[in-house]
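Chemist: Structure, please.
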Amino acid sequence: MSAPGQIPRWVDIGLIPVINIAAAFIVSGLVILVVGENPIDALTIMLRGAFGYEEGIGYTLYYTTNFIFTGLAVAIAFHAGLFNIGGEGQAYIGGLGVGLACLAFDSSLPLIAILPIAILGGALFGGAWAAVPAYLQAYRGSHIVITTIMFNFIASAVMVYLLVNVMIQPGQMSPETREFTPEAWLPFMHEVLGALGIETARSPLNLSFVLALICCVLVWVFIWRTRWGYAIRVTGHNETAAVYAGIDPKRIIILSMCLSGALAGLVGMNEIMGVQHRLLLDFTAGYGFTGIAVSLMGRNHPVGIVLAALLFGALYQGGAELDFEFSTITRDMVLVIQGLVILFSGALALMFNPLMTRLFSRSAPPASGD
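Modeler: Numbers count the residues shown, from 1 in each chain. The predicted structure follows:
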């Protein structure tokens, strides 16, 4: 039983996120009513589009993969007391690292050799892009929120310059590189399952989904089972106590932000090596920003992040079905619904905490006297 004034952990990590999602869908239902459609029908189509057939499930898990990477990235920084909102730029530059690895070795090495190089390239480029704001925060006092959001714009400008002036395939107008050879393509899940005798529908879901799940396990072990993870959590909870314990907050800032950027950079494995098979503009598509809501809804824990990422993957795929089925529900309306879920699970994530605190404080038994 929780102490008076405290919310039980199962309420904080389970009940409150569900209430936030329910509130978002209630408001979304009102919006759908305003445009003259039945919210129940819309919800049914959204769920069927996300989970009702094999191709839809594949697309849902494909989106989920990106949200796992960016959600984990935000979570690691958050445990250190840092609010990294630069996942979009870090994923963009991480994709550059993946693309360069594939372009350099796709004609000379097999996939099994290119794969670790591409993972290392994405992680190194994403981590290096996050290291600069980390240094400015640790040694120059610049606020991490300001520098990371500025670096999103810088990353976009750098990629435009490179793809328009340097890396563009000769003889074409579209700002993108040449297509990688098949040796640098991550296998699609329907191909892997087909080789095992399991026939499934084609979808963009690829082996980077497995990599995302492996990253979840590694992040859990790192944060809760290692000295470095303990130092990150102590610094995030109380920097003064961390200094007293002999922990250098500056080193923790650099470490946590580099790991955060490395995880965000792995989005390039899914998008560049797994689906697009070339380096192109705007492949991040807002995944870095949505990762903030995924991490907050998942309470910065890998298990919660997987569940929240699955929810947002379903919203992306189910939203596409809504846009297709209803003439009055446009793509902009779908973005409104997604934005409401992000609003209630992110910016308003603690809105119901005072109510839950009062409710469970009343239900807690009074402390017995000595």
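Chemist: Helix or strand for residue 49, just tell me which one.
Modeler: helix 39-51 (DSSP states H and E).
Chemist: Also compute the angle for the very next helix or strand once past that helix relative to helix 39-51, please.
Modeler: Under the assignment DSSP H and E, the closest C-terminal helix or strand after helix 39-51 is helix 54-79. In terms of direction (axes from the mean of the first three to the mean of the last three C-alpha atoms, to 10 degrees), helix 54-79 departs from helix 39-51 by 90 degrees.
Chemist: For helix 54-79, what does the pLDDT average out to?
Modeler: Model confidence over helix 54-79, given as mean pLDDT, is 96.
Chemist: so where does residue 228 fall, helix or strand?
Modeler: helix 227-237.
Chemist: May I see the buried residues of the helix or strand following that helix?
Modeler: The element immediately downstream of helix 227-237 (helix or strand, assigned by DSSP H and E) is helix 239-244. By neighbour count with 16 or more other C-beta atoms under 10 Å, helix 239-244 contains the buried residues 239, 242. All C-beta atoms are positioned from the backbone trio N, CA, C, and that covers glycine.
Chemist: contact partners of helix 239-244?
Modeler: For helix 239-244, the surrounding residues in contact (C-beta atoms under 8 Å, 6 or more residues apart in numbering) are 81, 231, 234-235, 249, 252.
Chemist: do the same with stretch 175-188
Modeler: Here stretch 175-188 makes contact (C-beta under 8 Å, 6+ apart) with 99, 102-103, 105-107, 109-111, 114-115, 118, 160, 163-164, 167-169, 202-208, 269, 273-274, 277-281.
Chemist: please redo it, this time with the cut-off set to 7 Å
Modeler: Outside stretch 175-188, the residues that touch it by C-beta atoms under 7 Å, 6 or more residues apart in numbering are 99, 102-103, 106-107, 110-111, 114, 163-164, 167-169, 205-208, 269, 273-274, 277-281.
Chemist: all helices of the stretch 151-300 of the chain, in order?
Modeler: Under the criterion DSSP state H, counting those that start in this stretch, the stretch 151-300 of the chain contains helices at 189-195, 208-225, 227-237, 239-244, 249-265, 267-268, 287-297.
Chemist: Just among the contacts of helix 239-244, which is most surrounded?
Modeler: Most neighbours among the contacts of helix 239-244, by other C-beta atoms under 10 Å: residue 235, with 27 neighbours.
Chemist: OK, contacts around that one?
Modeler: Contacts for residue 235 were tallied using C-beta under 7 Å, 6+ apart; they are 80-81, 242, 247, 249, 252.
Chemist: Point out the other helices and strands that the longest helix belonging to the chain packs with.
Modeler: With secondary structure taken from DSSP state H, the chain has its longest helix at helix 111-140. If contacts are counted by 3 or more C-beta pairs under 7 Å, 6 or more residues apart in numbering; DSSP states H and E, helix 111-140 sits against helix 87-105, helix 144-161, helix 249-265.
Chemist: Out of the ones you listed, which is the most enclosed?
Modeler: Ranked by mean neighbour count under mean count of other C-beta atoms under 10 Å, these are led by helix 87-105, which reaches a mean of 28.
Chemist: So what's the model's average confidence on it?
Modeler: pLDDT averaged over helix 87-105 gives 97.
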